[in-house]
Every structure is written in structure tokens, then in C-alpha cells.
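Chemist: what follows is a predicted protein model with its sequence.
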Amino acid sequence: MLSEVDKKKLLLDLKKATEEVNQVKIKLNKVNSEKESWFRKKSTIGKEIKDKISNVRGSKKKRNDLTSEVKDLKKKRDELNKKTSEELKNINQLKEKHNENLKKQAIKDKPEALKRRIESIELKIETEPMSFEKEQKIMKDLKKLKKTYNETKHIAEGWDEIKKKMKEIKKLKKEANRYHKDIKEQAKNSQEYHELLIENSKEIDLLKEKEKEAHEKFLDGKNKYLAVNDELKKKLEELYKIKEELKKHKVEVEDLEIEKKRKSLKQKEKEVEQKIKKKQKLTTEDLLVMQRAKK
């Protein structure tokens, strides 16, 4: 049978061991909270990286699509410019031929001017009264003009061909300019997506560094948690041995349990007071704690 001194020593050891267990539990909860905080941070950063990578892929696709479109537009524009250049050569050849024909025919007036004079004379004959002699003279002049016009008609047709070609060239240039404008616009858009891609890529690199740091902190926290958990196991084993020793000698620990419950109630009272200060909703258990505290 234990002496009173030994019994008292065991009870004190029990109290000390219980307090140490509680302290280690608090430490374990704190370490676990820090560990989980780093894990959540790592997960949040990981999700952000995933979103950024998705943005990079989207920007890359749009940039490549626009670059491909610019390439096609340039090809069409270059084809039009080539065609315009060829048509300009043809026009220059037609102009040279037209000028040569004018020199060969020794024409003072251009065919189109002759045509206008013929039309004017014909209108005059039809609408103005004149003597027979005057009409005969005018008819004679008209006949000469028509002969000259018929001899130079091909020159007029050549000039019409030149004007037609010039209209076509104007149309080709207008279309080529439209393509050029589209090229500038799409190239600008492509560059914007490229810059966005670069920006997101840099942000991803920075986030990966932060993710690595969070992961290392999490692993460090995990190791601390395991170490404190091992410490708790040892403390619990020590507590268990003391309780077994007390049980073996049939020592009552009622007073110690009462003290333990009293401390627990006091802690809960503080928690309820904090809830009241923060105007938080009280649970049924909180109300019971308040009732017990008043007794």
C-alpha cells in the first residue's frame, strides 16, 4: 500500500502529466493549423497557375490564328499588287501604241473630239433652218469628218481600252489597300495577344516560385506536426502509466477530475463571453455554460 507521500506525489505527477498533454495538444493544433494554412495557400496558387496556363493557351491560339490570317491577307495583297503592276505595264504599252497611232494618222483632233463635232453638226442640221447651199456645204464637211473619224476609230477604241484598264487598276489598288488595312489591324491584335501571352507566362513563373515556397512550408509544417504528434504520444503514454499506477493502488482522482472540469468550464465561459462581445449567435451548449457559471 502506498504511503500518503507517495500517493500525493503520484497525484501531482498526474496533474503535471495532464497539463503537459494539454499543452502539447494546443501546440499540435497550432502546428496543424499552420500546416493546413500553407496547404490551402499552395492549392490556391496551384489553381491560379492552372487558370493562367489556360489563358496562355487561349492567347497563343488566338495569336497563331491571327498570324495565319495575316499571312493569308499578305498573300492576297501581294497577288493584287503583282496584278496591278502587270496591268500598269499593259497600260503603258497601250498608251505608247495609242500615241504612235496618233502620230501616224497626223490627227489634229482626237477621235473623241471628232465624234463630238459630228454629233453637234448632225444636231444642227436637224434643228436649225438653213439654205440649201449652206446645208450642202455642211453635209460635205460632215462627210469629211465622218471619213476622218472612221479612219481613226480604232484609236478611240484603243483609248477606251486604256480608260477601262485604268478603272480596273483603280479597283485593284482599292482592294489591295483594304487588305493592307486589314493586315495592320490583325497584326496589331496578334501583337496584343502575344504581349498578353508573355505577361501571363512571367506571372506563371512568379506563381510557381510562390507555390514552391508554400509547398516547402507545408512539408516543414508536416514534419513539425509529426514530431509534435510523436511528443503527444509519449506524453499520453506517461499519463497512462501514472493512471495505471493510481488505479493499481486504488487511489481516487476525483478531486483532480473536478479541478479539470472546473478549468474546462472556465475556458468555455471565456469563449461564450467573447461570442457575446462579438454579437455572435449562442448555441444551446453556450446557454448551458452560462447557467452553470451562475450557480
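Modeler: Perfect, thanks for sending it.
Chemist: from now on I want contacts and neighbour counts done on CA atoms only, so please keep to that.
Modeler: Noted.
Chemist: in which helix or strand would I find Glu203?
Modeler: Assigned by DSSP states H and E, Glu203 belongs to helix 153-248.
Chemist: report the rounded mean pLDDT for that helix.
Modeler: Per-residue pLDDT values over helix 153-248 give a mean of 91.
Chemist: packing partners for it?
Modeler: Applying 3 or more CA pairs under 8 Å, 6 or more residues apart in numbering; DSSP states H and E, one finds that helix 153-248 contacts helix 4-105, helix 111-127.
Chemist: quick check: mean pLDDT across the longest one?
Modeler: The one in question is helix 4-105. So the average pLDDT for helix 4-105 ends up being 90.
Chemist: count the neighbours of Glu96 for me.
Modeler: Using other CA atoms under 10 Å, the number of residues around Glu96 comes to 12.
Chemist: and Asp286, how far is that from Glu271?
Modeler: 9 Å (CA to CA, to the nearest Å).
Chemist: please disregard the earlier target; I meant Gln136.
Modeler: Between Gln136 and Glu271 the distance is 130 Å, computed by CA to CA.
Chemist: repeat that for Gly46.
Modeler: Look at Gly46 and Glu271: by CA to CA, they are 36 Å apart.
Chemist: the two: which is more packed in?
Modeler: Gly46 (18 against 14).
Chemist: for that one, what are its contacts?
Modeler: Glu211 (CA atoms under 8 Å, 6 or more residues apart in numbering).
Chemist: and it, how far is that from Glu209?
Modeler: According to CA to CA, Gly46 and Glu209 sit 11 Å apart.
Chemist: same check, this time on Trp159
Modeler: Distance, Trp159 to Glu209, using CA to CA: 75 Å.
Chemist: pick out the residue nearest the middle of the chain.
Modeler: Centroid-nearest residue in the chain: Asn55, 4.9 Å away (criterion: CA atoms, centre = their mean).
Chemist: check contacts around that residue.
Modeler: The contact partners of Asn55, by CA under 8 Å, 6+ apart, come to 197, 200.
Chemist: Trp159 and Glu209: which has the busier surroundings?
Modeler: Trp159 (21 against 13).
Chemist: pretty sure that one contacts His98?
Modeler: Yes. At 6.9 Å, Trp159 counts as touching His98 under the criterion of CA atoms under 8 Å.
Chemist: Glu86: neighbour count?
Modeler: For Glu86, the count of nearby residues is 12 (other CA under 10 Å).
Chemist: quick one: stretch 158-176 to chain centroid distance?
Modeler: 45 Å (CA atoms, centre = their mean, to the nearest Å).
Chemist: now Glu273: how far from Glu128?
Modeler: Distance from Glu273 to Glu128, counting by CA to CA: 121 Å.
Chemist: more neighbours: which of the two?
Modeler: It is Glu273, of Glu273 and Glu128, that has more neighbours when counted by other CA under 10 Å, with 13 against 7.
Chemist: what about the more buried one, which SS state?
Modeler: On the three-state scheme (DSSP: H, G, I helix; E, B strand; the rest coil), Glu273 is labelled helix.
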